[in-house]
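Engineer: this is a predicted model, with the sequence first.
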Amino acid sequence: MSRPAAAPARPRPRRALAAALPVAGAAAAAAWPLGPQTAAAVRWLLRWPTPTHVAELVLVAVVVALGARLAPAGAVASRPAAALRAAADRAGRALAGVPPLVVLTALVGGVAAVRIALGAAETLPVFLGDELLYVDQAKSLALFGQPLLRGDVHIGTSLLYPLFLSPAYRLSADGVRAYEAARAMNAVAAALAAVPAYYLARRLLTRGWSLAVAALTAVVPWTGYAALALTESLFYLAFTTFALVLARTLEQPLLRRQLTLLVALGVLVGVRPQALAVAAAVVLAILALGALERSLWKTVRTYAPTLVLLALAAVGALAAAAAGLPVPTGGYKALFGARLGPLGVAKWTVWNLEVYGVATGVAALLAFPFALGRMARDRARPAARAVAVTSAALFAGIVASVAALSASPYGYGILHERGLFYVTPLVLTALAYRATLPRRSLPWGAGLATALVVGAASLPGHVLRLTNDVDGPTAVAVVRFTSLAARPPPQTWVAVAAALGGAVFLLARRPLLPFAALLLGYALVWPATDYRGPLAPGEVGWLAWVDRALPRGATATLLQVDLPRPALPCAEAAEYEQQGLHVWTEFFNVSVTRLFRVYGTSSRDNLPAPLLTLRDGGLLLDGGRPLAPRYVVVDSRQPIAGRRIARFDLASIGSPLQEGASLTLWRAAPPLRLRPLPAALPPRADGRGC
């Protein structure tokens, strides 16, 4: 009978982070210049599984699992199985001689290099509004030391993520290079989550199981978000680190640990406002620990510094919001005034957990509550109870925030797995802990598995189809899998996955079979997070045309003019193309720091921008002051008073898009004045016809 090994007396996660970071940076430096060739080689080596391959692997896994369960004990001990076990034992003994610090460092460096290579294929922003917002803030922090969005202070979404990206925009030659550096930084941050995951698991598990948790944490499909300028990669690292800090604090409530916990929580909220739910989870964890120890009042007194400071922070935030001051709540601010019915929150909780369960092989999600229950009953080890309370409270907080967003009118009726995957290190730790325990009958395990299947059957097919590959890559993977045949619908496949995962959880004698199911879930979702843009890296480099044309240190203002559309069939398409070039010019040029609109608004980025007033050809700000920038980027059909410096036609770079968008950079004569439009306005900005 195996038992979880005791944790080492003094684990040193800071030393591991300090060692892994430079190696990951070196891997980034090595992978970055190789560009698309490395990405193609990695994809060829990994040979992304098609839906057909995944189906075959699932069937093989089911047959093996049932065979191992139903066959006589002696029948399983075949020569191939014995040889496989012997090879695994030899590999384990060889790995046992390598210090964990070395293994973690190699793991972080290798995973970061792979993600950097794969991310090179994502050449254009996918989530326009969010990515453009963070990039604009990073540029303004790098150039002006303030978090600006198109010239105005903006701190309502994320404070620390743009600060994290700002060195890339300070040191790079242009915006395209800065975006490449930002993706490399994201990849390193996501891979570094393996380090706190290892030390969290090590409080309960042996060295080998802890390294397995670290490896599975680093290779989750959602690290594909590193290819996008989004908060997910940095928040993944910060959340996993916070879970470790909270577990240590619940185990030994020293004052310095409580203060460290509050600092870590502040960092978490600064990266992503979703962490406000984590603040509530901290209070829940303290109360749950007191209930488990049957000394609630004593526990509350022990953690009084944490509770008091959290209360003061909450009061201060409410007062600032009431006074109209900016508070970092992001898109979650809308939830405070939304009316959320309990039934709606409950069903979206089930639906989000269903797709997340598919991505983790279902068995891992089923093992989670059983493992936490066993940890909580382990009175001999405070670390086990602390990890159980930490995992339960953080899981509940994150799931509640995701369900509330999905159930609100601001959730757009789609799944939000993007906000849920952070709990994966907690689920992996619980799964590994479960694997170390002796197998016992689970009286209500079958009922939980059945409920999971029923919940999957209730998931509407249109919700799966509407969800995009950023908010819910698992839903997209399931829909792609369904495209193999007209029937059954995608929700049926989710129910089938739930049934198979439940069978593995209930019937498998081998502890590694749930991990095999987990890897199958990873394999299903990985292709959906392999983001690729329509432009080649060599083509996207031309989008930094303003940075190349301006003198060093100069900045430009982008002017979006909603010109009258000629009555031609291509008018709407031409307008859409032009708005796209506006977005990409702002995104890929560090020198483009301000944006104004004239006549109308843009529908491509969904971000606010000041609307100028046109009077006698001059452009006026809200206060009536004339706008007088030195350099202006504007639609090539709109002349202004000044001198032309450069012009960029999108079709000139050989783009597969072959769009007719065009912009011109001017040295403007102050104050800025628009000259009359040509009598016959071309249908497209570069003069091309329909």
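Structural biologist: Perfect, I can see it now.
Engineer: pull the CA atoms of the host helix or strand of Val308 into PDB?
Structural biologist: If you go by DSSP states H and E, Val308 is part of helix 304-322. The C-alpha coordinates for helix 304-322 follow below in PDB (Å, rounded to 0.1, in the frame of the first residue of the first chain):
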ATOM      1  CA  ALA A 304      -7.200  38.900  11.700                       C
ATOM      2  CA  PRO A 305      -4.500  40.900   9.900                       C
ATOM      3  CA  THR A 306      -5.500  39.400   6.600                       C
ATOM      4  CA  LEU A 307      -9.200  39.800   7.200                       C
ATOM      5  CA  VAL A 308      -8.900  43.400   8.400                       C
ATOM      6  CA  LEU A 309      -6.700  44.500   5.500                       C
ATOM      7  CA  LEU A 310      -9.000  42.800   3.000                       C
ATOM      8  CA  ALA A 311     -12.000  44.600   4.500                       C
ATOM      9  CA  LEU A 312     -10.200  48.000   4.400                       C
ATOM     10  CA  ALA A 313      -9.200  47.400   0.800                       C
ATOM     11  CA  ALA A 314     -12.800  46.500  -0.100                       C
ATOM     12  CA  VAL A 315     -14.100  49.700   1.600                       C
ATOM     13  CA  GLY A 316     -11.500  51.800  -0.200                       C
ATOM     14  CA  ALA A 317     -12.400  50.300  -3.600                       C
ATOM     15  CA  LEU A 318     -16.100  50.900  -3.000                       C
ATOM     16  CA  ALA A 319     -15.400  54.500  -1.900                       C
ATOM     17  CA  ALA A 320     -13.300  55.100  -5.000                       C
ATOM     18  CA  ALA A 321     -15.900  53.700  -7.300                       C
ATOM     19  CA  ALA A 322     -18.600  55.800  -5.600                       C
END
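Engineer: what comes up buried for the following helix or strand past it?
Structural biologist: Downstream of helix 304-322, the first helix or strand assigned by DSSP H and E is helix 342-359. Within helix 342-359, the residues scored as buried using 16 or more other C-beta atoms under 10 Å are 344-345, 347-359. Heads up, the C-betas are built off the backbone N, CA and C, glycines and all.
Engineer: how close does Gly109 sit to Asp530?
Structural biologist: The gap separating Gly109 from Asp530 is 21 Å, by C-beta to C-beta, to the nearest Å.
Engineer: just Thr206 next, same as before
Structural biologist: Relative to Asp530, Thr206 is positioned 33 Å away (C-beta to C-beta).
Engineer: now Val399
Structural biologist: Taking C-beta to C-beta, one finds Val399 at 26 Å from Asp530.
Engineer: and for Ala113?
Structural biologist: 16 Å.
Engineer: which element is Phe557 on?
Structural biologist: That one is not Phe; residue 557 is Thr. Taking DSSP H and E as the definition, one finds Thr557 inside strand 556-561.
Engineer: export that strand to CSV, keeping only CA atoms.
Structural biologist: Taking Å, rounded to 0.1, in the frame of the first residue of the first chain, the C-alpha atoms of strand 556-561 are listed here in CSV:
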residue,chain,number,x,y,z
ALA,A,556,2.2,60.1,-34.8
THR,A,557,-1.6,60.6,-34.5
LEU,A,558,-3.9,58.2,-36.4
LEU,A,559,-7.0,59.8,-37.8
GLN,A,560,-9.9,57.6,-38.7
VAL,A,561,-12.2,59.4,-41.2
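Engineer: tell me what that strand is packed against?
Structural biologist: helix 571-588, strand 592-598, strand 631-635 (3 or more C-beta pairs under 8 Å, 6 or more residues apart in numbering; DSSP states H and E).
Engineer: next, format the ones you listed as JSON lines and append mean neighbour count, mean pLDDT and distance to Tyr169.
Structural biologist: Below are the helices and strands packed on strand 556-561 laid out as JSON lines (neighbours: other C-beta atoms under 10 Å; pLDDT from 0 to 100; distance: least, C-beta to C-beta, whole Å):
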{"stretch": "helix 571-588", "mean neighbour count": "21", "mean pLDDT": "90", "distance to Tyr169": "11"}
{"stretch": "strand 592-598", "mean neighbour count": "22", "mean pLDDT": "92", "distance to Tyr169": "11"}
{"stretch": "strand 631-635", "mean neighbour count": "24", "mean pLDDT": "95", "distance to Tyr169": "18"}
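Engineer: next up, phi/psi of Asp649, please.
Structural biologist: Dihedral pair for Asp649: phi -110, psi 130, per degrees, to the nearest 10.
Engineer: who touches it in this structure?
Structural biologist: For Asp649, the contact set (C-beta atoms under 8 Å, 6 or more residues apart in numbering) comprises Ser636, Gly660, Ala661, Ser662, Asp686.
Engineer: and the closest residue to the second one other than its chain neighbours, which of the three is it?
Structural biologist: Going back to what we said before, that points to Gly660. By the measure of C-beta to C-beta, 6 or more residues apart in numbering, the closest residue to Gly660 outside its immediate chain neighbours is Arg684, 3.1 Å from it. Each residue gets one of three states, and Arg684 gets coil by DSSP: H, G, I helix; E, B strand; the rest coil.
Engineer: wait, Arg684 touches Cys570, no?
Structural biologist: Yes: using C-beta atoms under 8 Å, Arg684 is in contact with Cys570, at 7.1 Å.
Engineer: which one of these two is surrounded by more residues?
Structural biologist: Applying other C-beta atoms under 10 Å to Arg684 and Cys570 shows that Arg684 carries more neighbours, namely 26 against 16.
Engineer: how much space separates the more buried one from Ala227?
Structural biologist: If you go by C-beta to C-beta, the gap between Arg684 and Ala227 works out to 31 Å.
Engineer: Thr360 too?
Structural biologist: In terms of C-beta to C-beta, Thr360 sits 21 Å off from Ala227.
Engineer: neighbour count winner among the two?
Structural biologist: Thr360 (30 against 25).
Engineer: test my guess that the more buried one contacts Ala523.
Structural biologist: No: at 11.9 Å, Thr360 does not count as touching Ala523 under the criterion of C-beta under 8 Å.
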